[in-house]
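Visitor: Sequence and predicted structure are below.
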Amino acid sequence: MAKITFDGIEVEVPDGTTILNAARTIGGGIVPPAMCYYTPLKGSGGKCRACLVRVAAGSAKDPRPMPKLVASCVTPVQDGMVVENTTSEQVLDVRKGIVEMLLINHPLDCPVCDQAGECDLQNFAFEHGVSTTRYEEERRTFEKIDIGPLIQLHMTRCILCYRCVYTADQLTEGRIHGVLGRGDAAEIGTYIENILDNEFSGNVIDVCPVGALTDKTFRFKQRVWFTKPVNAHRGCENPKCCGKVVLWYKGKDVMRVTARKDQYGEVKEWICNTCRFDKKETADWTIEGPARIDRSSVISANHYELPVLNAQVIADLPESSVRDLEQNPPMRLGN
Amino acid sequence: MGRKLLTEHINVEGIDTIEVYRKHGGYRSVEKAIKTMTPDEVVEEVKKSGLRGRGGAGFPTGLKWSFLAKPEGVPRYLVCNADESEPGTFKDRQLMSKLPHLLIEGMITSSYALGANTSYIYIRGELLYVLRILEKAIAEAYAAGFLGKNILGSGYDLDLYVHPGGGAYICGEETALLESLEGKRGNPRNKPPFPAVSGLYARPTVVNNVESIAAVPVIVNEGGDEYAKIGIGRSTGTKLISACGHLNKPGIYEIEMGVPVEEFIYSDEYCGGIWKGRELKAVVAGGSSVPILPKELILKTAAGEPRLMTYESLSDGGFVTGTMLGSGGFIAMDETTCIVRNTWNFSRFYHHESCGQCSPCREGTGWLEKILHRIEHGHGTERDIDVLASVAKQIEGNTICPLGEAAAWPVSAAIRHFRDEFEWHIRHPQEATRPGAVFPGKAVLA
């Protein structure tokens, strides 16, 4: 076991745990954001740099601070380590910079993007970014690739987190999905535009933190905050499929089916394409009850009221966002 | 005239064949090490020599070797990083193509010291002709019994392979190199674990630059203490400097550490001064990624001491008034050079070579290049300079591998020392974009 101090809070975790997972055992607003790390996927993490933290003391044996900020999702804890996340101005500043970097080539087409409302990048930018941009150059674009009848690829929205690559690699046999090209020309691709087609391919939609991979059968059907999430299950014939899902209802219609995500947006049990794309009748499922949605999520609002910054909402926001909001109040925010 | 430890026989006719190479003392270190020394003694000699990594970072080689994990029954690897592709650096290419046996001799002695039975030379893909030279030399070494099973009857086995890269600068980063060597996409790995613990095929691995490995036979032959006598302080031995740019005699020079920069540029023994009788304007002292310095600061430190070709002297003053020895790619620029254009050119390179794995580097290098392109072509705005400096700062230190810093440092340094030239480009775009335009004002220190 290793004892670490994270933002002034002491916590004891097994050896080999990453700093991020140690912070998650504490929970709450001090948990660093993660855009590329995904617990069930081996090899993920370290790429987006959103979770950078400052290690003020390396370990009890060697209490020197680490010279650079470290990616908390891939750096294991050491006994006696002291980590600063929200308590370090440097970390918050760098995080602002990361938001800016992730957004400069992002099309910001949230009004027409199916991911809007449940997008990690939206949340990340809202909580940690600034509301203006300094970027004046042309945004990069890609040639459109059709990757089949079930999944829509929007490469311009991609932040190259590699989650879908690991998913395709680790869930199914035969590797057909990867990253092509280099630098800012790197793109998610199925070699020679092969159709992404196997029984678990739909899970790449759930792991995608942005709207780069979306459900074609749900495309432009509804905004997610107009739909109501309901937990349900069925006895799926596929032995690798858990059959536990969330149904997203609009009225009496099942608009789409997704796997269940935990509070950090991670799917722990995968579902097959039959459950996801073919079973869209209530009769196919045993309903368990309403799915839990984070109360700060726009989905929990389910209607078009303007958000009002009351004391509770402000208390839930990180301090940096509150400061930012006070300095640049959104135009339509309640008075 | 300084001593030449590596390149003494470089111009001997037929030195690339094993017969001629052995006539000039070749493979003595292999015999000495394998027959009379234990592996630990070889490591000890390298430690005593004070040899520091010649690839750029300057980490003590002996110390790196002693970090190598040695679990029982697990193979260890030595990998030679011959993926030399930093703009301005071209020393390893020459060393390998002229003296292939020197590198092979170094590989055998070093592998013996580390207990590696399989070693690799990862060579830049574009250097295909050098690869052929190396393979021919390796075949000769096998035939002479210096490679293969039971070398010189000692019971020590070693196989040596040359592996060509696919043409990416990033594969010169040690963990990206290992990924590439394993046959994967050349993306740098997250550290820890470091290669000394989990490197090639997740085995303990040492990655060394060509020049570092080529120095090992000299150290074994002459002794570490003898080698350490050359040079100043913690910069020991000789260093290959590939000098290029506006010099009368560009080329590769083996210098003893501690030669003053002024002597290196102006003396006839080395570069012979600036071409066409012009004035020196600026120098990039260690390959394109290190900070550029104006003439005043490269010849003398901020304290007024003469600047020497050593790790310590070149980095005197930190990045405010100093730079780095880096890989020894010495680029000199005369008074007509446009610093903005030069910085844009470097940025374009790093933009092109970013692997795209982590976000600050993937997005930031492109942003830097686009702003610099705009300024250079007369479309810059006053705000751009501050944005450039701030983007460079956002990349620096926040990436997986050092390519982020390599892209950020030249931009930060150019703004630090030549801000007035950037401002001239922005305020007088018509003048500045005229072909052959030369900045009229003298660069002043910021």
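Guide: Received it, and whenever you're ready, just let me know what you need.
Visitor: who touches residue B:230 in this structure?
Guide: Contact analysis of residue B:230 by Cβ atoms under 8 Å, 6 or more residues apart in numbering or on different chains lists B:3, B:5, B:236-238, B:256-257. Glycine gets a C-beta too; all of them are placed from N, C-alpha and C.
Visitor: Around chain A, pick out the residues from the stretch 51-200 of chain B.
Guide: B:168, B:170, B:185, B:190, B:192 (Cβ under 8 Å from any Cβ of the partner chain).
Visitor: Just the buried residues out of these, in PyMOL syntax.
Guide: Buried residues within those, by 16 or more other Cβ atoms under 10 Å in any protein chain shown, are selected in PyMOL with:
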select buried, chain B and resi 168+170+185+190
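Visitor: Mind jotting down where the strands sit in the stretch 151-300 of chain A?
Guide: Remark: strands assigned in the stretch 151-300 of chain A by DSSP state E, counting those that start in this stretch are A:151-153, A:177-180, A:187-190, A:213-215, A:228-233, A:244-250, A:253-259, A:286-290.
Visitor: Out of these, which is closest to residue B:268?
Guide: Proximity to residue B:268, assessed across the strands of the stretch 151-300 of chain A by Cβ to Cβ, is greatest for strand A:177-180 (51.7 Å).
Visitor: hang on, the earlier thing: may I see the strands of the stretch 151-300 of chain A arranged in JSON lines, with mean pLDDT and distance to residue A:48 as well?
Guide: Shown next, in JSON lines, are these (pLDDT from 0 to 100; distance: least, Cβ to Cβ, whole Å):
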{"stretch": "strand A:151-153", "mean pLDDT": "91", "distance to residue A:48": "19"}
{"stretch": "strand A:177-180", "mean pLDDT": "84", "distance to residue A:48": "14"}
{"stretch": "strand A:187-190", "mean pLDDT": "84", "distance to residue A:48": "15"}
{"stretch": "strand A:213-215", "mean pLDDT": "95", "distance to residue A:48": "16"}
{"stretch": "strand A:228-233", "mean pLDDT": "91", "distance to residue A:48": "26"}
{"stretch": "strand A:244-250", "mean pLDDT": "93", "distance to residue A:48": "25"}
{"stretch": "strand A:253-259", "mean pLDDT": "95", "distance to residue A:48": "22"}
{"stretch": "strand A:286-290", "mean pLDDT": "88", "distance to residue A:48": "32"}
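Visitor: contacting residues around residue 16?
Guide: As the question left the chain open, I've gone with chain A. Per Cβ under 8 Å, 6+ apart, neighbours of residue A:16: residue A:76.
Visitor: That was the other one, I meant chain B.
Guide: Contacts of residue B:16 (Cβ under 8 Å, 6+ apart): B:97-101, B:133, B:136-137.
Visitor: Work out the gap between the strand or helix carrying residue B:370 and the centre of the chain.
Guide: Under the criterion of DSSP states H and E, residue B:370 resides in helix B:359-376. How far helix B:359-376 lies from its chain's middle: 24 Å, per Cα atoms, centre = their mean, to the nearest Å.
Visitor: Skipping adjacent residues, who's closest to residue B:47 in space?
Guide: The shortest distance from residue B:47 to any non-neighbouring residue, by Cβ to Cβ, 6 or more residues apart in numbering or on different chains, is to residue B:62 (3.1 Å).
Visitor: dump the residue contacts of that neighbour.
Guide: Residue B:62 neighbours (Cβ under 8 Å, 6+ apart): B:43-44, B:46-51.
Visitor: and it, that's in a strand?
Guide: No: assigned with DSSP: H, G, I helix; E, B strand; the rest coil, residue B:62 falls outside any strand and is helix.
Visitor: Please tell me how far it sits from chain A.
Guide: In this view, residue B:62 and chain A are 21 Å apart by Cβ to the nearest Cβ, to the nearest Å.
Visitor: same deal with residue B:410?
Guide: Using Cβ to the nearest Cβ, residue B:410 is found at 17 Å from chain A.
Visitor: And that residue, its phi and psi?
Guide: Residue B:410 adopts backbone torsions of phi -60, psi -40, taken as degrees, to the nearest 10.
Visitor: need the contact list for the nearest residue to it once chain neighbours are set aside.
Guide: Excluding the flanking residues, the one nearest residue B:410 by Cβ to Cβ, 6+ apart is residue B:346, at 4.7 Å. Applying Cβ under 8 Å, 6+ apart, we find residue B:346 in contact with B:87, B:288, B:410-411.
Visitor: can you put those in JSON lines and add secondary structure and pLDDT?
Guide: Converted to JSON lines, the contacts of residue B:346 look like this (DSSP: H, G, I helix; E, B strand; the rest coil; pLDDT from 0 to 100):
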{"residue": "B:87", "secondary structure": "coil", "pLDDT": "94"}
{"residue": "B:288", "secondary structure": "coil", "pLDDT": "94"}
{"residue": "B:410", "secondary structure": "helix", "pLDDT": "96"}
{"residue": "B:411", "secondary structure": "helix", "pLDDT": "97"}
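Visitor: Let's see if you can find the most crowded of those.
Guide: In terms of neighbour count, residue B:411 stands highest of these at 29 neighbours, by other Cβ atoms under 10 Å in any protein chain shown.
Visitor: Quick check, it in contact with residue B:375.
Guide: No: using Cβ atoms under 8 Å, residue B:411 is not in contact with residue B:375, being 11.2 Å away.
Visitor: picking that back up, does the residue nearest to residue B:410 count as helix, strand or coil?
Guide: Under the three-state scheme (three-state DSSP), residue B:346 adopts helix.
Visitor: Quick check: it vs residue B:299, distance?
Guide: Counting by Cβ to Cβ, to the nearest Å, the gap between residue B:346 and residue B:299 amounts to 22 Å.
Visitor: just for chain B, where's the confidence low?
Guide: Low-confidence segments of chain B (pLDDT under 70): B:1, B:442-446.
Visitor: what sits against the most centrally placed residue in it?
Guide: Nearest to the mean C-alpha position of chain B, counting by Cα atoms, centre = their mean, stands residue B:327 at 2.6 Å. Residue B:327 makes contact with B:54-56, B:84, B:86, B:89, B:91, B:209, B:286-287, according to Cβ under 8 Å, 6+ apart.
Visitor: Buried subset of the contacts of residue B:16, written for PyMOL?
Guide: Only the buried entries of the contacts of residue B:16 go into this PyMOL selection, using 16+ other Cβ under 10 Å:
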select buried, chain B and resi 97+98+99+100+101+133+137
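Visitor: Could you export the contacts of residue B:16 to a markdown table, including columns for secondary structure?
Guide: What follows is these, written out as a markdown table (three-state DSSP):
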| residue | secondary structure |
| --- | --- |
| B:97 | helix |
| B:98 | helix |
| B:99 | coil |
| B:100 | helix |
| B:101 | helix |
| B:133 | helix |
| B:136 | helix |
| B:137 | helix |
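Visitor: from the contacts of residue B:16, which single one is nearest residue B:273?
Guide: residue B:98 (26.2 Å).
Visitor: Taking the stretch 101-250 of chain A, what residue is nearest to chain B?
Guide: Residue nearest to chain B within the stretch 101-250 of chain A: residue A:186 (3.5 Å; Cβ to the nearest Cβ).
Visitor: Roughly how far does that residue sit from residue A:19?
Guide: According to Cβ to Cβ, residue A:186 and residue A:19 sit 27 Å apart.
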